[in-house]
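model the structure of this input:
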Amino acid sequence: MAKVTSVQHGPLAAPRVRGVAVRADTPQNLTPAAPTQPAQRQAPAAVAIAAAAAILLGASAPVLAAEAPELFANKCAGCHMNGGNILAVGATLFSEDLQKNGVDSPEALYKIIYSGKGKMPGFGKECAPKGACTFGARLSDEEVTSLASYVAERAAAGWKS
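Sure, this is the predicted structure:
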């Protein structure tokens, strides 16, 4: 059964039935009026911008090569600034050390970035055991792949701009 509510329009109350207003000339003479529109509420600009950004930059979107330097700066540079290593002198990101330590290919770099090794935590989404992984936000497979490629490219260039 339809719910009827009353809204004041002039001297007589006009009932509303499921979003359709009716005009009441007399209580016995009910005629349909124009359908009413629900009140439209404008979303704040910030919400609209955030929604657009979430759609455009969602986690499922592939990582662009231009994002790899920013990822490196945010996740790696604390220990590996300019390809160095503040914790282990012989484990830098320069080609000689990468070759010496057996991580001179993008695949090997992917594995160490994803799972970690020694003092370096893993950053992959499914990194385990938990004690070997970062406590911060984890990286998607695409982000880890992007970082591995970036490190390999920078190592080949000697970490020079």
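
please, where are all the strands along this protein?
Shown for the chain, the strands assigned by DSSP state E span residues 4-9, 12-17, 20-26, 29-35, 116-117, 120-121.

just checking: what are the partner strands of the fifth one?
Here strand 116-117 has these sheet partners by DSSP bridges: strand 120-121 (antiparallel).

residues in contact with the residue nearest to residue 68 when sequence neighbours are not counted?
Ranked by C-beta to C-beta, 6 or more residues apart in numbering and with sequence neighbours excluded, the top spatial neighbour of residue 68 is residue 150, at 3.7 Å. Every C-beta, even on glycine, is put in place using the N, C-alpha and C of the backbone. Residues in contact with residue 150, defined by C-beta atoms under 8 Å, 6 or more residues apart in numbering, are 65, 68, 69, 71, 72.

and the gap between the last one and residue 125?
Just to be clear, that refers to residue 72. Distance of residue 72 to residue 125, computed by C-beta to C-beta, to the nearest Å: 18 Å.

looking at those two, which is more packed in?
With neighbours defined as other C-beta atoms under 10 Å, residue 72 and residue 125 compare such that residue 72 has more, 18 against 15.

how near is the more buried one to residue 117?
Counting by C-beta to C-beta - residue 72 and residue 117 are separated by 18 Å.

surely residue 85 and residue 91 touch.
Yes: with contacts counted by C-beta atoms under 8 Å, residue 85 reaches residue 91, the gap being 4.9 Å.

give me the common contacts of the two.
Contacts common to residue 85 and residue 91, judged by C-beta under 8 Å, 6+ apart, are residue 97.

return the helix or strand in the chain with minimum mean pLDDT.
helix 45-56 (a mean of 42; mean pLDDT, DSSP states H and E).
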